[in-house]
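> quick one, structure for this:
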Amino acid sequence: YSGGTAQGVLLEGARTNLAKYSDDLSNAVWVATNITKGSTSTTGIYGSAITTVEATASAANGTLLQTVTAGSAAYTYSTYLKRKTGTGNIDITVNGGTGWTTCTVTLSWSPCSVTATVTNPQIGIRIVTSGDAVYAQGSMVEAGAFRSSTIYTTTGSANRVATSLTRNWTFDTNTFSGYIEAYPGFASTETSATNPVFSAYKDANNYLTITHPTTSGRMDLNLAIGGTTATAQVTGLTWAKGDKLDIRFRKNASGIKLWVEAGSTETTTGVAPNDFSTPPNTVRLGRDESSNYGFWTVGNIQLWNSVD
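Next up is the predicted model:
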């Protein structure tokens, strides 16, 4: 969902929320310094009333922090914030205040996140102005270079398994095409992992996959026929997390071609043709031939055993 409007099905790789008590700032794991923990009821991020997410600064630069024991890695801390009173800056940290990121906080819930490479992440918020108050819910720290969907926790960490969608589909040996409406869960500058959105799959040697590789601003159409591979690339793309991407592809006697429209940019590219002797027979959304899982919301997909 975005702004209360359904976008499609959410597909994500596996992640673990290492933070405890994601929705309960009143717990002692959240250590307050010049912060008063409140109990005012407010409508939470899931639409129900909650009383354990309020924090008020009793002095300037009050902090509310939790320390997580974990080895060195890139960690992302994220939380949803909503202003109760005041107009001063609200900051978050993943490294105990070595660095602070200022969030845009309004009277409505909005996510904020920060990423850094640290050992034993220390996460939380800072309320810069004395007397200001905010609500903070859905606190999460995960190994990864970008924020994924919130994983609720209480006394310990919690996991989310990777999700993808699979459906049987009989593809033509040479001629087929498709359209995908997709919303990436990462920015175009993300380079830490491969993020597949679509695969026409037969086996590890026969497939056609669309993915964002570990290269900024690029989308790839990867083809394998009997183990021989080719790639069509679209480069120079720019998008923010959650932007709409219109993705079109085709395979026919002229080769493979990929179009990606991100905002107002549309680019095409193609490579030489070949025919499947054993065509793909499965559609995979959010997973590729190597069992990499992508972070996408897929809103619409259309497939044809023909080319316009």
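> only C-alpha atoms from now on, for both contacts and neighbour counts.
Noted.
> phi first, then psi, for residue 62.
Per-residue torsions, residue 62: phi -70, psi 140 (degrees, to the nearest 10).
> which residues sit in contact with the residue nearest the centre of the chain?
For the chain, the residue nearest the mean C-alpha position is residue 185 (2.9 Å; CA atoms, centre = their mean). By CA atoms under 8 Å, 6 or more residues apart in numbering, the residues touching residue 185 are 147-148, 241-242, 295-297.
> which strand is the longest one in this structure?
Ranked by number of residues, the top strand in the chain under DSSP state E is strand 73-85.
> show residues contacting that one.
With CA under 8 Å, 6+ apart as the criterion, strand 73-85 contacts 45, 93-94, 105-119, 121, 123, 131-147.
> are any of those buried, and which?
Buried subset of those (neighbour count, 16 or more other CA atoms under 10 Å): 45, 93-94, 105, 109-118, 121, 123, 131-147.
> now go through those and say which are in strands.
Per DSSP E, the subset of these in strands is 93, 110-118, 123, 133-143.
> how close does residue 190 sit to residue 215?
Distance, residue 190 to residue 215, using CA to CA, to the nearest Å: 7 Å.
> higher neighbour count, these two?
residue 190 (20 against 16; other CA atoms under 10 Å).
> what's the separation between the more buried one and residue 183?
On the measure of CA to CA, residue 190 and residue 183 end up 14 Å apart.
> do the same with residue 147
Taking CA to CA, one finds residue 147 at 14 Å from residue 183.
> contact partners for the closest residue to residue 94 other than its chain neighbours?
Of all residues not flanking residue 94 in the chain, residue 123 sits nearest, at 4.4 Å (CA to CA, 6 or more residues apart in numbering). Residue 123 makes contacts with 65-68, 77, 92-96, 141, as judged by CA under 8 Å, 6+ apart.
> which among those gets closest to residue 14?
Taking CA to CA as the measure, residue 14 sits nearest to residue 141 out of those, at 13.5 Å.
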